[in-house]
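Undergrad: What would the 3D arrangement of this be:
(chains A and B)
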Amino acid sequence: MLKFDKVFFKYPDENNNKSSKLNENKNHKSNSTKHEIDHKSDYESYESGNEKVLQNSGKKSLEEKDSGESYVLKNVSLEVSKGESLIIEGKSGSGKSTFLNLAGKLETPSEGKILFEGQNLIDFTEHEFRRKISYIFQSHSLWKDFTVLENVKMPLLIKGVSENKATKISKLWLDQVGLSDHLNKSVNAISGGEQQRVGIARAFASSPKLILADEPTGNLDNQTGEKIINLCLSFSKQNNITFICVTHNPNWKNLFDKSYTCSMGKMHLTSSFN
Amino acid sequence: MIRLAFRYFYISMTGKRTKKVMWITILSIGFSLGILIKTIAIMRGFQESILQKSLHIYGHMDVVSQKGFKVDFLKKKDWYVRSIKNSEKHGMINHYSSTKGVKIVSADPEDIDYIIQNKWINKKFQKNKTGDVESIAVGQKLAKEFGLRIGSYADLLIPHGFGSNNISIKKIRAKVVGIFSLGFHSFDRNVIFTLGHGLDKYTIGNPEETHTVYTTNPEKIENYKKEVYKENRNALSVWTWKDTNPSLKQMFVMQNLVIGIFIGLFVLCAMVQSTNSLWMLISEKTRDISLLKAFGASKKQIFWLFANLSIIMSISSVLIGTLFGVSMIKIFPYIMSFIKNRMGINIIHGDTFGFTEFFPRIEVLDLVIITFSAFFIMCFILFFAARSATKTDILKGINF
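TA: Have a look, this model is predicted:
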């Protein structure tokens, strides 16, 4: 279904130039506290508004070039089959969200290729590809001005499904996630856990081939989070949908068919139940 | 996407952050359009009233034959030829004080009403039954200047014998049987109408046959002039109301220019306001747009979402504007009357062409043109703003 073939990713030049200047400053500062730095992750990234700036806190990786360019993802090769579930676990800034953005065609790899159903992702048009996949976001990312039912219906309407059919399908899915009593409520009037369930219903209702979940339980407590994950996994298994989830919680890898750990932009297979 | 557009329109009109801006935009564009419609109606009404008054005094087109050439006109679809035999003479009137030059125009009784309109002059002219005293109608200003009233007498001092070596002045008694007020200072001061053709024998030079051609569309008078010249180039002299009233003609040109400026200002204001509001709405909905794109909405779908929203906004503004404008046209005379009666303010001076009140007028065709133009201009401008919505970045938008 989805295959990453020796994928490298770095941000555009203007960001790298900025980051290289910061790198020089940090290198100068960090030499005196080198022993402390060894215990920290080598790349700390933070988001400032819409920019990602990388700071090299000291230790340089093998792949870092003399010009000061740094890769967010390095030599990522993995494959996930249809109906499989994959979890990528890693600390903040390890590159797992970037992986998801690449899988969702929100970023383009600097090197390597990404294949979806055997075809290079570059060959798909934006909207054509996105109608085959779906998202579950950390912050739910629902349409705040619309009701629960409308939120689930929207992706179906975008695909061209008729109003009646879309309503029918949406109601079924909302019933499955236990929100059939909240159809006409505004999404602002329901709890965080319920909002996430709306997000799940929305993702599955449009019958995608692939679902990308970016920290779907990030805003929830452990108990609710586990319920959400189990819900997603059971739906994806029932409907033969490939499910990729990124999280910083290491406790769930046993629930998935495959699990990877992302560290310093590299992916390491930690378990596989196929 | 149309239903979604309606939904977004409803949300924007009721949402806390957007409703003020949206309501202000739609209402202000609507009111601007309404005021534009009303202004055009007032100016049209004013223009028509002047034309009505002036063109019934001066012939729409005077065609004078030369060298005894007989003029024949075929009655065309939009021409109505009424021939009035005019012998124009120049005479002088003297009553008590110094002589002043006036133009004497003689006309048949049945024609004089057509020329002057019965509301401006007493229709029932009475010819003096005693003797051969001529009956005349004088302008109000002339009457005031010479102290004339209906029934009083005036001596007309008319020169005759032009073309010969002996020019003499003939004194002719005339009775004032009517006083008119046409609103043109020069007319009310310098013209006397005589009933019948009693003064024809005192013509200057050779009598000329003049045909006065009235049209249903006096604004296209130049076209008719060209046609007449095409038929009979050398034998005719043609004067149109535009030739004899260059200042009137200029006034209409100025008026149309002012209307054009108003329209331009309206378009500019509507442009700025509506585009500003839609951009604001698009920036408010950046996250929503990104989500729509993330779930597969194409650029075309996003564009048509906001294009439909633009159409809804334009229709709302234009509807409000048209209703407001048409209502204002209807109630305008009442407003003027209220201002005059309650506050004692007379906006229209009595000497303004004899007007005492305004009658704004607008044709259905004019209204259709204005509203459709406003609608299409607004849509066209807003579509550019709608295009910008398609350029929203998904990642940035979701994190917005």
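Undergrad: quick one: which helix or strand includes B:Ala143?
TA: Using DSSP states H and E, B:Ala143 falls within helix B:140-146.
Undergrad: actually B:Cys379, not the one I typed
TA: Judged by DSSP H and E, B:Cys379 forms part of helix B:364-389.
Undergrad: One more: B:Thr392?
TA: Per DSSP H and E, B:Thr392 falls between elements, in no helix or strand.
Undergrad: Which helix or strand contains the closest residue to it other than its chain neighbours?
TA: Using Cβ to Cβ, 6 or more residues apart in numbering or on different chains and skipping residues adjacent in sequence, the residue nearest B:Thr392 is B:Ile289, 4.5 Å away. Just so you know, the C-beta spots here come from the backbone N, C-alpha and C atoms, and that holds for glycine as well. Element membership of B:Ile289 [criterion: DSSP H and E] is helix B:286-294.
Undergrad: just checking, what packs against that helix?
TA: Helices and strands touching helix B:286-294, by 3 or more Cβ pairs under 8 Å, 6 or more residues apart in numbering or on different chains; DSSP states H and E, are helix A:126-130, helix B:299-343, helix B:394-398.
Undergrad: If I average pLDDT within each of these, which one is lowest?
TA: Lowest mean pLDDT within the helices and strands packed on helix B:286-294: helix B:394-398, a mean of 75.
Undergrad: In a strand, B:Arg173, correct?
TA: Yes: in this structure, B:Arg173 lies within a strand as judged by DSSP: H, G, I helix; E, B strand; the rest coil.
Undergrad: Could you give the number of residues near the closest residue to it other than its chain neighbours?
TA: Ranked by Cβ to Cβ, 6+ apart and with sequence neighbours excluded, the top spatial neighbour of B:Arg173 is B:Val133, at 5.2 Å. Neighbours of B:Val133 under the rule other Cβ atoms under 10 Å in any protein chain shown: 15.
Undergrad: again, but for A:His127
TA: Per other Cβ under 10 Å, the neighbour tally for A:His127 reads 19.
Undergrad: what ranges do the strands span in the chain?
TA: Reading this off chain A. Assigned by DSSP state E, the strands in chain A fall at A:2-9, A:43-48, A:51-56, A:73-80, A:85-90, A:111-116, A:119-120, A:133-136, A:210-214, A:242-247, A:258-263, A:266-272.
Undergrad: Can you look at chain B instead?
TA: B:61-65, B:79-82, B:89-94, B:100-107, B:134-139, B:153-160, B:168-180, B:191-195, B:210-215, B:236-240.
Undergrad: Determine which of the ones you listed shows the lowest mean per-residue pLDDT.
TA: Among these, strand B:89-94 scores lowest, with a mean of 45.
Undergrad: so who does B:Asp393 touch?
TA: For B:Asp393, the contacting residues are B:Ser290, by Cβ atoms under 8 Å, 6 or more residues apart in numbering or on different chains.
Undergrad: Quick check: phi and psi at it.
TA: Dihedral pair for B:Asp393: phi -80, psi 130, per degrees, to the nearest 10.
Undergrad: now do B:Gly296
TA: Dihedral pair for B:Gly296: phi 110, psi 10, per degrees, to the nearest 10.
Undergrad: confidence score at it?
TA: At B:Gly296, pLDDT is 85.
Undergrad: In space, what's closest to whatever residue of the stretch 1-150 of chain B ends up closest to chain A - neighbours in sequence excluded?
TA: Scanning the stretch 1-150 of chain B for the residue nearest chain A gives B:Ile11, at 4.6 Å (criterion: Cβ to the nearest Cβ). Closest residue to B:Ile11 apart from its sequence neighbours, by Cβ to Cβ, 6+ apart: A:Asp145 at 4.6 Å.
Undergrad: shouldn't that neighbour be in contact with B:Ser12?
TA: No: at 9.1 Å, A:Asp145 and B:Ser12 do not qualify as touching, with contact defined as Cβ atoms under 8 Å.
Undergrad: still on that earlier bit, does the helix holding B:Cys379 come close to chain A?
TA: No: for helix B:364-389, no contact with chain A is found by Cβ under 8 Å from any Cβ of the partner chain; the gap never falls below 14.5 Å.
Undergrad: I'd like to know which elements that helix is packed against.
TA: Short answer (3+ Cβ pairs under 8 Å, 6+ apart): helix B:364-389 packs on helix B:19-55, helix B:246-284, helix B:299-343.
Undergrad: will you turn these into JSON lines that also has mean neighbour count and distance to A:Lys266?
TA: JSON lines is the format used below for the helices and strands packed on helix B:364-389 (neighbours: other Cβ atoms under 10 Å in any protein chain shown; distance: least, Cβ to Cβ, whole Å):
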{"stretch": "helix B:19-55", "mean neighbour count": "19", "distance to A:Lys266": "50"}
{"stretch": "helix B:246-284", "mean neighbour count": "15", "distance to A:Lys266": "39"}
{"stretch": "helix B:299-343", "mean neighbour count": "18", "distance to A:Lys266": "36"}
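Undergrad: can you put those in TSV and add distance to chain A?
TA: Below are those laid out as TSV (distance: least, Cβ to the nearest Cβ, whole Å):
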stretch	distance to chain A
helix B:19-55	12
helix B:246-284	10
helix B:299-343	7
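Undergrad: May I see those organised as TSV, with distance to A:Ile158 added?
TA: Below are these laid out as TSV (distance: least, Cβ to Cβ, whole Å):
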stretch	distance to A:Ile158
helix B:19-55	25
helix B:246-284	18
helix B:299-343	7
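Undergrad: Looking at A:Asp145 and B:Ser12, which is more packed in?
TA: Ranked by neighbour count (other Cβ under 10 Å), A:Asp145 and B:Ser12 place B:Ser12 first, with 25 against 21.
Undergrad: which residues does the more buried one contact?
TA: B:Ser12 neighbours (Cβ under 8 Å, 6+ apart): B:Thr18, B:Lys19, B:Met22, B:Leu281, B:Glu284, B:Leu309.
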